[in-house]
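In: I'll drop the sequence and a predicted model, then ask my questions.
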Protein chains: 2
Amino acid sequence: MIALDAMGGDFAPKVAVEGAVKAARLGIAVGLFGDQTVIESMLIGIDAQWRSLPISVFHCSQVIGMADEPSRSVLKKTDASLVRAMQAVVDGDATAVVSAGNSGAALVAGTLILERVEGVLRPAIGNFLPTNKGSVFCLDLGANTDCKADYLEQFALMGHVYVQQINNIKNPRIGLVSNGVEPYKGSLAVKQAYARFERLPINFIGNVEARDIFDDHADVLVCDGFVGNVMLKTVQGTARSLMTWIQQESAKSYWRQLALYCASPIFKTIKQRIDYANKGGALLLGVKHPLVVAHGCSTALAIERALIFAHDVVAQQRVVNFNAALMELIQRPAEAEFYSAQLSENHNHV
Amino acid sequence: MIALDAMGGDFAPKVAVEGAVKAARLGIAVGLFGDQTVIESMLIGIDAQWRSLPISVFHCSQVIGMADEPSRSVLKKTDASLVRAMQAVVDGDATAVVSAGNSGAALVAGTLILERVEGVLRPAIGNFLPTNKGSVFCLDLGANTDCKADYLEQFALMGHVYVQQINNIKNPRIGLVSNGVEPYKGSLAVKQAYARFERLPINFIGNVEARDIFDDHADVLVCDGFVGNVMLKTVQGTARSLMTWIQQESAKSYWRQLALYCASPIFKTIKQRIDYANKGGALLLGVKHPLVVAHGCSTALAIERALIFAHDVVAQQRVVNFNAALMELIQRPAEAEFYSAQLSENHNHV
């Protein structure tokens, strides 16, 4: 069963319930965590026979809203839908969690309740972006706003392992996002990370400028969560604005409207290509159980996709395999001492 | 006379010399700093009558290359074209500097030679990006990779004054780039800056997500130079890739090629709209004299535009007026003590 935080997201619980029904009709067992009365009345509205689907409802009396401060609300609201959904995984009642709610709270809850993999300093959100030739795996996309060089170092190892396993690339090209390709370019943390990356058992290709992220220079792009969030959202904003401008320009004459209409299949294909919602969400890497973080603005389709993605992750034992390989890489004897020292230093600092 | 670092840039000195001739033909006096023999032979190649144009050549025996470490090279290479061009402005022989060379070195030289405006902690690169309705002024776009909250606070004041003066907006809307609109979102420095912005005599509208930078939410966007660089270059990379994908998709059939051909006026207009090279460069705010930092990959046209931009900045006394208003805002009696304490703390930390 996939535990779904039904109260999380801009359009919750409506899209969560609709998405759950869609996924359940494909045979995916979903546990809806939230206000039982509201959820069940919505379920009846969608499908009077919903009880024949693999859907369970778990009543939770609390909700963590989008404006709630993450750490405090996770610790205080013990009956919140998000917290209960996480706990269900730890208790063995569910195999993965999906949430489109307060992403900060999802990360805090993921770290505290699902727990970090041994040796991991900070879990990171990773996802693929389309490139001119294929795709590039980017992390962190928003879990950690302030990153020291040792966090970035672990993100590089995470990306290395994930792309090795998912894309079957033996020696993925790892790039470090910076404000120039020269080794001396970057923030203090990025410059320190550059020196560390050179000593890792990975195929480090150096700094990559944000201008070149689509140019198939790297298989993995490493950055802190603030920069990753800005990068991802700038891509979305630029693509959306370009499409708006194309429409604005085409509205200026009938000829242009006709030309744009004829060219519409081109844009349709491209829209699919840049549709990051394809998987509905991104995986939090570095915790013991699968957590899929979906966009706050997720539609029912996005929630359905996130549930399918979570289901696939569980079926393919992705997190189990990933964590095993990551632990081996992090805890190599030569560096075990270094990492454990770092870990104890950072342990109480969520 | 505008002092042009003729040896700086990926295609120097060729494009610098070509751009200088173009600008000089418009009546702009240009001083070319670099290898006299090479520059003069290029000038003759372009225009045998170049000596009738308002062009002067100043021989410099050294060059700061793109791979040179900025601080060290500025301090050591005292006869470098960049350093000499800056010095010409301080000596009163030129009124502004243009460089397409090593941008890190240009910033160090700008800060050390042109000198900071009294009270300014860090100069910042500012430039306009097009939005769906008009434009938004962003800073810092790359001068300072690591920014404390007090730097960001001054950038907000700089943006406020610049947009007031240039766009005649009385009370510009100032936004802080962050990974979410909620006040608790952001890196440590951004969260601290949020609290400080609320106390400034500006129209602070809160955090702005990178997704919304084109949506006319703000007149000024404040961020550190690392994030600004990533944001700007992600815009460029996304726009370039979208255009590539449109061409790739249209190549798949003759009908699509025809449709795209008919739609080409649409793209031509948009290309002009997103052509950041329009002004050829960006102004470094917070130093005593005008410095226009151009792209390393500048063409002759971009250099010409940068020279025209620098000429306009001088003719309109933009930097003089800007610095006067900024100093007044920074050095209000109530906060003078605070700023001077900050300044002495940061003074030797270039």
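Out: That came through, no problem.

In: could you list the low-pLDDT ranges of the stretch 201-350 of chain A?
Out: A:274-278, A:332-350 (pLDDT under 70).

In: can you give me the strands in it?
Out: A:203-209, A:220-222, A:281-285, A:291-294 (DSSP state E, counting those that start in this stretch).

In: so for stretch A:157-177, what gets flagged as buried?
Out: Using 16 or more other CB atoms under 10 Å in any protein chain shown as the test for burial, stretch A:157-177 gives A:157-164, A:166, A:172-177. Backbone N, C-alpha and C define where each C-beta goes, glycine included.

In: nope, stretch A:25-32 is what I was after
Out: Neighbour count says stretch A:25-32 has A:28, A:29, A:30, A:31, A:32 buried, by 16+ other CB under 10 Å.

In: any idea how far that stretch is from the chain center?
Out: 21 Å (CA atoms, centre = their mean, to the nearest Å).

In: for that stretch, measure first residue to last.
Out: End-to-end distance for stretch A:25-32: 15 Å, by CA to CA, to the nearest Å.

In: can you list contacts of it?
Out: Stretch A:25-32 is contacted from outside by A:1-4, A:6, A:13, A:16-17, A:20, A:23-24, A:39, A:53-58, A:85, A:88, A:93-94, A:307-308, A:311, using CB atoms under 8 Å, 6 or more residues apart in numbering or on different chains.

In: if we can go back for a sec, of all the strands of the stretch 201-350 of chain A, which one is nearest chain B?
Out: Across the strands of the stretch 201-350 of chain A, chain B has its closest neighbour in strand A:203-209 (5.5 Å, CB to the nearest CB).

In: does that closest one reach chain B?
Out: Yes. Counting by CB under 8 Å from any CB of the partner chain, chain B is contacted by strand A:203-209 at residue A:209.

In: neighbouring strands - and their directions - for that strand?
Out: If you go by DSSP bridges, strand A:203-209 pairs up with strand A:173-178 (parallel).

In: among the buried residues of stretch A:157-177, which one sits closest to chain B?
Out: residue A:177 (6.7 Å).

In: looking at the strands of the stretch 201-350 of chain A, which one is packed in the most?
Out: Most buried of the strands of the stretch 201-350 of chain A, by mean neighbour count (mean count of other CB atoms under 10 Å in any protein chain shown): strand A:220-222, with a mean of 31.

In: now do the strands in the stretch 51-200 of chain A.
Out: A:55-59, A:96-99, A:124-130, A:135-139, A:173-178.

In: what ranges do the helices span in the stretch 151-300 of chain A?
Out: Along the stretch 151-300 of chain A, the segments classed as helices by DSSP state H, counting those that start in this stretch run A:188-199, A:225-250, A:254-262, A:264-273, A:300-315.

In: nearest to chain B, of the buried residues of stretch A:25-32?
Out: residue A:32 (26.0 Å).

In: which of the buried residues of stretch A:25-32 fall within strands?
Out: Among the buried residues of stretch A:25-32, the members found in strands (DSSP state E) are A:30, A:31, A:32.

In: pLDDT for the residues you listed - can I get that in CSV?
Out: Formatted as CSV, those follow (pLDDT from 0 to 100):
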residue, pLDDT
A:30, 97
A:31, 97
A:32, 97
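
In: quick one, phi psi at the nearest residue to residue A:187 once chain neighbours are set aside?
Out: Spatial nearest neighbour of residue A:187, excluding adjacent residues (CB to CB, 6 or more residues apart in numbering or on different chains): residue B:145 at 4.3 Å. Dihedral pair for residue B:145: phi -70, psi -40, per degrees, to the nearest 10.

In: spatially central residue for chain A, please.
Out: residue A:282 (2.2 Å; CA atoms, centre = their mean).

In: ok, and the closest non-adjacent residue to that residue?
Out: residue A:127 (3.9 Å).

In: what's near enough to touch the one you found?
Out: A:137, A:138, A:139, A:141, A:232, A:276, A:279, A:282, A:283.

In: also residue A:173?
Out: Counted by CB under 8 Å, 6+ apart, residue A:173 has contacts A:203, A:205, A:217, A:218, A:219, A:220.

In: ok, 7 Å please
Out: If you count contacts by CB atoms under 7 Å, 6 or more residues apart in numbering or on different chains, residue A:173 has them with A:203, A:205, A:218, A:219.
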